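Asker: have a look at this fold, sequence not included:
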C-alpha cells in the first residue's frame with residue numbers, strides 16, 4: 001500500500017517563529033504529539049515533538065536556576081526570554097515520498113527511531129504518516145484481501161480461472177488449493193499473494209498439470225536461424 005493511501009493529509013503546521021506555548025497549545029487541541037514546522041511557502045524545515053519539549057526543559061532548568069540565583073543576589077531585575085519553535089525543533093528531518101510503499105516507511109521509522117514521517121512532494125509538505133497509519137495496512141479485512149487476490153491478481157494479472165482455485169483467508173493467513181495448468185502459475189500466484197497488504201502468511205496446496213519450469217528449449221525461437229549461435 002502506498003504512503004499516499006495511508007497518510008494524514010490534513011496536517012497541522014506551525015512556523016519557526018511561533019512560541020513554544022503556541023506549539024504546545026496546538027498539539028493539545030489537535031490531540032497529536034508533534035507538529036510540522038514549515039515556511040510560508042509550505043516547504044518543510046523541521047518537526048517539533050513532545051521529546052523536543054522535554055529536552056528543551058531539561059537543558060533549560062539547571063542553567064536558568066543558576067542565573068536566577070545570581071540575579072537575586074545582586075538585586076538585578078530578572079529578564080524574560082520567550083523560546084521559539086525554531087530554537088528547539090528538530091531540523092534534521094527525514095521525509096518520504098507519497099509514492100513509497102508502506103513497508104519502506106516502516107523500515108525508515110525503525111532505522112531513524114521516529115514515530116512519524118513527513119510526506120513531501122516537490123519539497124512541499126502534503127501529509128504525515130505515523131506508526132498507527134501503517135498499522136492500518138496490516139489490519140486490512142480478510143474480505144478485502146480475498147477480493148484483491150481473486151479480482152486483480154488471478155483475473156487481471158495471471159489470467160487464471162478463479163474456478164480452478166479455492167482461496168481461504170483467515171486473519172490475514174491465506175490458503176490456496178486447486179490445480180493450475182502450469183507450475184509457474186502456481187509459483188507466481190503464491191508469491192503475489194504474499195505481497196498483498198495485510199497478508200500474514202500464505203500456504204499453497206496447489207498442484208499443476210505441467211511442470212513448465214523443467215522444459216528444455218529443443219529448437220531456436222522464431223526468427224533465429226537454425227544454424228546460428230544458439231547453443
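Answerer: Sure, I can see it. Source: prediction; values computed, not measured.
Asker: following the worst-scoring helix or strand of the chain on mean pLDDT, which helix or strand comes up?
Answerer: One helix or strand of the chain scores below all others by mean pLDDT, DSSP states H and E: helix 50-73, with a mean of 57. Counting by DSSP states H and E, the next helix or strand C-terminal to helix 50-73 is helix 85-88.
Asker: who does that following helix touch, helix- and strand-wise?
Answerer: helix 20-30, strand 44-49, helix 50-73 (3 or more Cβ pairs under 8 Å, 6 or more residues apart in numbering; DSSP states H and E). Placement of C-beta: from N, CA and C, glycine included.
Asker: distance between it and the chain's centre?
Answerer: 27 Å (Cα atoms, centre = their mean, to the nearest Å).
Asker: what mean pLDDT does it get?
Answerer: Mean per-residue pLDDT for helix 85-88: 89.
Asker: residue 214: what secondary structure?
Answerer: At residue 214 the chain is in coil, as set by DSSP: H, G, I helix; E, B strand; the rest coil.
Asker: how does the chain divide up, domain by domain?
Answerer: Per automatic domain parsing, the structural domains of the chain span 3-137, 142-210.
Asker: what comes up buried for stretch 17-25?
Answerer: 18, 20, 23 (16 or more other Cβ atoms under 10 Å).
Asker: including pLDDT and distance to residue 171, could those residues go into JSON lines?
Answerer: Compiled in JSON lines, the buried residues of stretch 17-25 are given as follows (pLDDT from 0 to 100; distance: Cβ to Cβ, whole Å):
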{"residue": "18", "pLDDT": "91", "distance to residue 171": "45"}
{"residue": "20", "pLDDT": "86", "distance to residue 171": "45"}
{"residue": "23", "pLDDT": "89", "distance to residue 171": "41"}
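Asker: from these, pick the one nearest residue 54.
Answerer: Residue 54 lies nearest to residue 20 out of the buried residues of stretch 17-25, by Cβ to Cβ, at 11.9 Å.
Asker: ok, back up a step: out of the domains of the chain, which gets the lowest mean score?
Answerer: Among these, domain 3-137 carries the lowest mean pLDDT (a mean of 80).
Asker: and it, end to end?
Answerer: 10 Å (Cα to Cα, to the nearest Å).
Asker: to the chain's geometric centre, what's the distance from that domain?
Answerer: 19 Å.
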